[in-house]
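Peer 1: Dropping the sequence and predicted coords here.
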Amino acid sequence: MAKELERAGIPTVHVTNLVSVSENTGAKRIMSGRAIPHVFGDPSLDADQERALRRRLVEQALEMLKEQEGAS
């Protein structure tokens, strides 16, 4: 899906725990997620900690987009 969005001109960051699969499909920006069942979270954390974790992950993905934009 990330590759098709990119082809349509929509920059993406593919967040996954199956990085090798994403690499084989040709995704441009790949970010390793937290864990297979919870790519963007950790249910063992309390609500505030998980919110902070999710925010950090989103900010990391946005930074990847920003870096790519600057390289273009």
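Peer 2: Thanks, I have the structure now. This is a predicted model, so every value here is computed, not measured.
Peer 1: The lengthiest helix in the chain packs against which elements?
Peer 2: In the chain, with assignment by DSSP state H, the single longest helix is helix 47-71. When contacts are defined as 3 or more Cβ pairs under 8 Å, 6 or more residues apart in numbering; DSSP states H and E, helix 47-71 sits against strand 30-32. No exception for glycine: its C-beta is placed from N, CA and C like everyone else's.
Peer 1: re the thing from before, list the buried residues of the longest helix of the chain.
Peer 2: 50, 53, 57, 61, 64 (16 or more other Cβ atoms under 10 Å).
Peer 1: cool, stretch 23-37 as well?
Peer 2: For stretch 23-37, by 16+ other Cβ under 10 Å, it's 27, 29-31, 33.
Peer 1: what are the bridge partners for the residue positioned nearest the centre of the chain, then?
Peer 2: The centre of the chain sits closest to Val15, judged by Cα atoms, centre = their mean, with a distance of 2.8 Å. Judged by DSSP bridges, the bridge partners of Val15 are Met31.
Peer 1: Touching, it and Val58? I think so.
Peer 2: No - counting by Cβ atoms under 8 Å, Val15 does not reach Val58; the two are 9.2 Å apart.
Peer 1: what about the residue of the chain most remote from its centre, distance to Leu53?
Peer 2: Here the centre of the chain is the reference, and by Cα atoms, centre = their mean the most remote residue is Asp46, at 22.2 Å. Separation of Asp46 from Leu53 (Cβ to Cβ, to the nearest Å): 11 Å.
Peer 1: if we can go back for a sec, overlap of the contact sets of Val15 and Val58?
Peer 2: Phe40 (Cβ atoms under 8 Å, 6 or more residues apart in numbering).
Peer 1: any weak-confidence spans in the chain?
Peer 2: Low-confidence segments of the chain, defined by pLDDT under 70: 69-72.
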